[in-house]
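> Would you be able to build a 3D model of this:
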Amino acid sequence: MKQDIKSTYKSLDTEEPIDIYFYRPIGYFWAKIARKLHITPNMITIASIFIGAAAGILFYYPDLILNIVGMLLLVLANSFDSADGQLARMTNNKTQLGRILDGLAGNIWFIIIYVVIALRTVNQGFYGLPNYWIWIIASIAGAFHILHANIADYYRNIHLYFLEHGKGGEFDNSKKIKAELKSLTWKKNFFKKVTLLFYWNYTHTQEMMTPKFQKFISKVREKYPDNNLPEDLCNEFRKGSKPLMKFTNILQFNTRVIVLFICIFLNMPFLYFFFDLLILTPLMLYMIHKHEKLSKQLINNF
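This next block holds a predicted model:
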């Protein structure tokens, strides 16, 4: 049983204890049910979007019971988010649309949560300050949240790429996506073109934030076009990248949600915005600095 669950992990390098001991077992349970009912990973992802959205709306009310229901729904939504990937790995049903939807789901939950917290703070009053201040703070925190999630997801997939010697990870490049976009027409492929447009922006932002890594990966792809990366190169990259995986975990779901729940219990949910800006953003910048330094070192050794 444990071995079956482990086979649905991305890797032990990138999983964190809360995922291994809580979300992955629950996600595995949902994934097994979904497989029996012929439910696809994308259907689970879409369900998670609605559950996460409902959770966010319940944070609007200064009522602890409703807030706790919202917290439970958010945990349920994240267990679905875990289940979709586990099901995709169990059934070997990985698709580009699934990758896009998976990234969108978390952003949709948190956009709603940021808006709802701002509305609740306006209703409660923000220390006598004009309402526009909370909207400015919420907007900046929300923009940084998207960057946090974006770069954390990128570094995880890069790590998986080298961990599996060029065969793992799900990171694309924006040029390839742009070429695919140009091959589609709005008339025949409206939905796919819209989702690809979001995905191109997502990928392009990741590349813009990691210039030295882009130089390094270009050299790697030029030298190893078949993606059969040598053991020593992968080991060297993994050695430098693995210590950064704990930061990618902090920037994604579990840590930020624990802090969010504490702020809600304190009836001061706006404090979560300051956690995003003053703790997570410097952490993201530090992680990028270390990763870029690693990339520069690898370029020099190449």
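
> so where's this structure shaky on pLDDT?
Applying pLDDT under 70 to the chain flags the ranges 1-2, 168-169.

> residue with max distance from the center of it?
residue 128 (35.4 Å; C-alpha atoms, centre = their mean).

> was I right about residue 117 contacting residue 57?
No: checked against C-beta atoms under 8 Å, the pair residue 117 and residue 57 is beyond contact range at 11.3 Å. (Glycine included, C-beta is placed from N, CA and C.)

> The two: who's more crowded?
Counted by other C-beta atoms under 10 Å, residue 117 and residue 57 do not tie: residue 117 has more neighbours, with 26 against 15.

> now the more buried one: how far from residue 188?
Using C-beta to C-beta, to the nearest Å, residue 117 is found at 41 Å from residue 188.

> now residue 72
42 Å.

> Looking at the two, which one has more neighbours?
Remark: of residue 72 and residue 188, residue 72 carries more neighbours, 12 against 8, as counted by other C-beta under 10 Å.

> May I ask which helix or strand encompasses the nearest residue to the more buried one once chain neighbours are set aside?
Nearest non-adjacent residue to residue 72, counting by C-beta to C-beta, 6 or more residues apart in numbering: residue 55, 8.0 Å away. Using DSSP states H and E, residue 55 sits in helix 41-58.

> Okay, angle between the helix or strand that comes right after that helix and helix 41-58 too, please.
Later in the chain than helix 41-58, the nearest helix or strand by DSSP H and E is helix 64-91. Angle, helix 64-91 to helix 41-58, by axes from the mean of the first three to the mean of the last three C-alpha atoms, to 10 degrees: 170 degrees.

> List the buried residues of the helix or strand just after helix 64-91.
Downstream of helix 64-91, the first helix or strand assigned by DSSP H and E is helix 96-124. Across helix 96-124, burial judged by 16 or more other C-beta atoms under 10 Å covers 98-110, 112-122.

> Could you check the angle helix 96-124 makes with helix 64-91?
Using the same axes, to 10 degrees: helix 96-124 against helix 64-91 is 170 degrees.

> Check which helices and strands helix 96-124 sits against.
The contact analysis (3 or more C-beta pairs under 8 Å, 6 or more residues apart in numbering; DSSP states H and E) places helix 96-124 against helix 41-58, helix 64-91, helix 131-163, helix 190-208, helix 271-275.

> Mind checking these for the one nearest to residue 12?
Closest to residue 12 of these, according to C-beta to C-beta: helix 131-163, at 9.7 Å.

> got the buried residues for that closest one?
Result for helix 131-163 [16+ other C-beta under 10 Å]: buried residues 134-135, 137-138, 141-142, 144-163.

> thinking again about what came up before, okay but the residue nearest to residue 72 is in contact with residue 73, surely?
Yes: counting by C-beta under 8 Å, residue 55 does reach residue 73; the two are 3.7 Å apart.

> Which of these two has more residues huddled nearby?
residue 55 (24 against 20).
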